[in-house]
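Peer 1: Turn this into a structure:
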Amino acid sequence: MAEKSSEIIKFLFNMKVVATINHNIDKDTAEYIVKEFGHKPIIEEKPSIEPGKVKENFTGEVKNRPPVVTIMGHVDHGKTTLLDFIRNTKVVEGEAGGITQHIGAYQVDTSKGRITFIDTPGHAAFSSMRARGANTTDIVILVVAANDGIKPQTEEAINHAKAAEVSIVVAINKIDLDGADIEKVKGDLAGKDLVPEDWGGNIQMVPVSAITGEGIDDLLERISLEAELLELKAHYNGPAQGVVIESELDKFKGAVATFLIQNGTLKVGDLVASGNVFGKIKSIVDSDGSKSKNAGPSSAVEVLGLNGVPNAGDQFQVVESEKQAREIAEYRITKEKERKLLKQ
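Peer 2: Alright, predicted model coming up:
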């Protein structure tokens, strides 16, 4: 402005802003000063490092992708057992007290095509994780025990699913037990605005038994039907982007993260930035434990190679260079610091 710095400091002082020649002042104050000194301020837009929509890099047509299904419901209503029956492996036996302690993601090949299942923990302590689980999902399967009815966490799951505006399919489980009352459960659900189809509503309800396997095929059919109605599509060509479902620090492998890919294809050797960590993907492991070279949309895979542990629910994307990855990570760390300072 060709004005003396002492004049500006004096002007600021009169505005009750104590600043020296080395201080940064905020945009609005600066704009006001420039105007007061009779000049015309031109605000320069700071180039944003924050990666925006990575859509432009996608090439080729949009193809159908498998649905991502989250299983929710009250603790002990048989969510994991149901999932187990679908994928024929046993997770529950090895877990503390038969309760799921982490979100697992599995891809299952059914007669109707592939479906990606995300199993969410049932405890209230996991509700934030669960709230995130619902936002990455196309369809929620609400598991309600026929002998137990609606419980507080069932309501919570209904609210999460409604807030995330996803389709709900209800699995009324444990119909093989004494005291199972399917009609009563339907009535309770209707009271929560989930009106069954056979009562003139639009919610599909399937009586199943995770132990005998009764009704499971019907459930898978309903999921496929729901997925067809939703017309789920994604780009297969281009750099991958998606969400971190879970992550941990393994004492042998280092930082391990589970990625749910939403667009593009993730390949070994890709540079990935997620939250404020980044790294080169060293290995991609499928949900069945086999290593693969790449993974497409709706795949849930475990990856190694990040320089830290990302938070569950963080977005990740493939970037072009290590410089860009580092910039994004540094930018986010600074943002995080600013946020903490503001809270104080």
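Peer 1: what bits of the stretch 151-300 of the chain have low per-residue confidence?
Peer 2: 288 (pLDDT under 70).
Peer 1: All the helices of it, residue numbers only.
Peer 2: Under the criterion DSSP state H, counting those that start in this stretch, the stretch 151-300 of the chain contains helices at 152-163, 182-190, 216-230.
Peer 1: Check which residues of the shortest one are buried.
Peer 2: Counting neighbours by 16 or more other Cβ atoms under 10 Å, one finds that the buried residues in helix 182-190 are 185-186, 189-190. Every residue, glycine included, has its C-beta placed from N, CA and C.
Peer 1: tell me the angle of that helix relative to helix 152-163?
Peer 2: Relative orientation of helix 182-190 versus helix 152-163 (axes from the mean of the first three to the mean of the last three Cα atoms, to 10 degrees): 50 degrees.
Peer 1: Show me what helix 182-190 is packed up against.
Peer 2: strand 167-173, strand 204-207 (3 or more Cβ pairs under 8 Å, 6 or more residues apart in numbering; DSSP states H and E).
Peer 1: who touches Phe85 in this structure?
Peer 2: Phe85 is in contact with 210-211, 213, 216, counting by Cβ atoms under 8 Å, 6 or more residues apart in numbering.
Peer 1: do that again at 10 Å, thanks
Peer 2: 78, 208-213, 216, 219 (Cβ atoms under 10 Å, 6 or more residues apart in numbering).
Peer 1: what's it sitting at in phi/psi?
Peer 2: Dihedral pair for Phe85: phi -60, psi -40, per degrees, to the nearest 10.
Peer 1: swap in Lys27?
Peer 2: Per degrees, to the nearest 10, the backbone of Lys27 is at phi -60, psi -50.
Peer 1: That one reaches Pro41, doesn't it?
Peer 2: Yes: counting by Cβ atoms under 10 Å, Pro41 is a contact partner of Lys27 at 9.2 Å.
Peer 1: The two: which has the busier surroundings?
Peer 2: Counting neighbours by other Cβ atoms under 10 Å for Lys27 and for Pro41 shows that Pro41 has the greater number, 14 against 11.
Peer 1: okay, which residue is most central for the chain?
Peer 2: Thr136 (4.1 Å; Cα atoms, centre = their mean).
Peer 1: distance between the ends of stretch 185-201?
Peer 2: Length of stretch 185-201, first residue to last, Cα to Cα, to the nearest Å: 15 Å.
Peer 1: Contacts for it, please.
Peer 2: By Cβ under 10 Å, 6+ apart, stretch 185-201 touches 142, 144-150, 154-155, 158-159, 161-162, 168, 170, 172-173, 175, 181-183, 202-205, 207, 222.
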